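>>> I would like the atomic coordinates for the input below:
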Amino acid sequence: MTAFPPLQIIRRRHPGVAAALALLASAAVVAAVPEPANAQQPATSTASASAAKTGHAEVNGARIHYAVHGDLASKQTPLLVLHGAFMSGEAMAPFVTPLAASRPVITIDARGHGRTGKVGGAVSYDQMADDAVAVLASLGVARADVLGYSMGGSTAIAMAVRHPDRVGKQVIISGAASLDGWVPEVLAGIAQMTPEMFAGTPMETEYKRLSPTPDAFPDLVAAIKHIDATPFAYSDAQLRAIPGKTMVILGDADGVTFEHAIKLFRLRGGSDIATATQGFMTAAPKARLSILPATSHIGVMAEAATIAAQVIPFLDDATPPMPAGFF
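Here you go, the predicted model:
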């Protein structure tokens, strides 16, 4: 099946828009991408993306849909997983399945998305961050680690800035702490999007399948255009002040710039000179950086197993191993 039936036409007429459409992954696309044969496979358990407790939380004038995978009463710190634009919590199954093997995982459908459906008014990262914290509160979760992809990555940063006592570690996958962290041509393409360009695409199909307001897809397009046209930026001081540890992940052909990702990594405590000069680590670092080779923004979703294998030691605060024979 062709992922985007009208994409070839759009590419000829509006190359910038085609790039933006290709950048914004849908649930149908990412869920169907096979894992590479050489991807690292984390340990598995009986926990799975299909065994979930679902419901809605009444939050700030919206009914935010959530799913809980695993036991929130366990001693493990829960992990909140936040999806990207035009996606849903269900679309994050490639991450949920391996990560739920070792900890409870919570997914939510952001405002306007998935089973949450249409929510009136503009959408912002601050608002989505407040929504997520309110969902955690409704579930009795005082503090959670957070993994966010794309739009969800920026939301995770907003959560850590606005609610530092409610957020532990953060995994920022292809997300930005400011609007100028995105490749300018991508933002220019998003600005030209129209609902008609999505006709027949998996993005529109998945929205209609999941949403309680299936005719409101044009409102979602407008909301995404608004959030990607509205300048936002968390200051260097705000980012440095986040108490929890941070892992930054992106592809080497991502829509987020290298410069932005590396700056975020450094602001969060990465590039430690003492560690660099001694050549080894004696404790888990405050920040980690992973750049995936031959990987685009959507391609990141095909590397979920590899990413999970990197993320689990980070969430577990594991000290990187020393190779044998050096000392």
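
>>> can you give me the helices in the stretch 1-150 of the chain?
With DSSP state H, counting those that start in this stretch as the criterion, the stretch 1-150 of the chain has helices at 7-13, 15-23, 27-32, 93-99, 125-138.

>>> To what extent is the closest residue to Gly269 other than its chain neighbours buried, counted in neighbours?
Closest residue to Gly269 apart from its sequence neighbours, by C-beta to C-beta, 6 or more residues apart in numbering: Lys286 at 3.3 Å. C-beta: built from backbone N, CA, C; applies to glycine. By the criterion of other C-beta atoms under 10 Å, Lys286 has 12 neighbours.

>>> Looks like Pro195 contacts Phe217 (just checking).
Yes: between Pro195 and Phe217 there is a contact under C-beta atoms under 8 Å: 6.2 Å.

>>> pretty sure the residue nearest to Gly269 contacts Gly270?
Yes: Lys286 lies in contact with Gly270 (C-beta under 8 Å); the separation is 7.4 Å.

>>> thinking again about what came up before, please tell me how far the residue nearest to Gly269 sits from Ala274.
In this view, Lys286 and Ala274 are 12 Å apart by C-beta to C-beta, to the nearest Å.

>>> Report the rounded mean pLDDT for the longest strand seen in the chain.
Assignment by DSSP state E gives strand 287-296 as the longest strand of the chain. Average pLDDT, strand 287-296: 98.

>>> any idea how far it is from the chain center?
Distance of strand 287-296 from the chain centroid (C-alpha atoms, centre = their mean, to the nearest Å) equals 14 Å.

>>> Tell me the buried residues in it?
Neighbour counts over strand 287-296 (16 or more other C-beta atoms under 10 Å) mark 287-290, 292, 295-296 as buried.

>>> Switch the residues you listed over to CSV; also include distance to Ala73.
As requested, the buried residues of strand 287-296 are arranged in CSV below (distance: C-beta to C-beta, whole Å):
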residue, distance to Ala73
Ala287, 31
Arg288, 29
Leu289, 34
Ser290, 32
Leu292, 35
Thr295, 37
Ser296, 39
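
>>> CA atoms of stretch 68-85 as CSV?
Taking C-alpha atoms only, stretch 68-85 is exported to CSV below (Å, rounded to 0.1, in the frame of the first residue of the first chain):
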residue,chain,number,x,y,z
VAL,A,68,-2.2,2.1,31.2
HIS,A,69,0.0,-0.9,30.5
GLY,A,70,1.1,-2.7,33.6
ASP,A,71,0.6,-2.1,37.3
LEU,A,72,0.8,1.4,38.6
ALA,A,73,1.0,0.1,42.1
SER,A,74,4.3,-1.6,41.4
LYS,A,75,7.5,-0.1,42.8
GLN,A,76,8.7,0.8,39.3
THR,A,77,8.6,4.4,38.2
PRO,A,78,5.9,4.7,35.6
LEU,A,79,6.8,5.9,32.1
LEU,A,80,4.6,8.3,30.3
VAL,A,81,4.8,8.0,26.5
LEU,A,82,3.8,11.0,24.3
HIS,A,83,3.0,10.7,20.6
GLY,A,84,3.8,13.0,17.7
ALA,A,85,1.5,15.2,15.6
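
>>> buried sites along that stretch?
By neighbour count on 16+ other C-beta under 10 Å, the buried set for stretch 68-85 is 68-70, 72, 76, 78-85.

>>> what does stretch 159-167 give?
If you call a residue buried by 16+ other C-beta under 10 Å, then stretch 159-167 has these buried ones: 159-163, 166-167.

>>> count of neighbours near Gly117?
For Gly117, the count of nearby residues is 21 (other C-beta under 10 Å).

>>> related to what we said a few turns ago, quick check: of the buried residues of stretch 68-85, which lies closest to Gly325?
Closest approach between the buried residues of stretch 68-85 and Gly325, by C-beta to C-beta: Gln76, at 34.7 Å.

>>> middle-most residue in the protein, spatially?
Tyr149 (1.5 Å; C-alpha atoms, centre = their mean).

>>> From what I see, it and Val300 are in contact.
Yes: using C-beta under 8 Å, Tyr149 is in contact with Val300, at 7.0 Å.

>>> burial count for Ala308?
Ala308 has 24 nearby residues by other C-beta under 10 Å.

>>> Okay, and it sits in which element?
Using DSSP states H and E, Ala308 sits in helix 304-315.

>>> ditto for Val221
helix 217-227.

>>> Can you mark which positions in that helix are buried?
Buried residues in helix 217-227, defined by neighbour count with 16+ other C-beta under 10 Å: 217, 219-225, 227.

>>> List the neighbouring strands of the longest strand of the chain plus their orientation.
strand 246-253 (parallel) (DSSP bridges).
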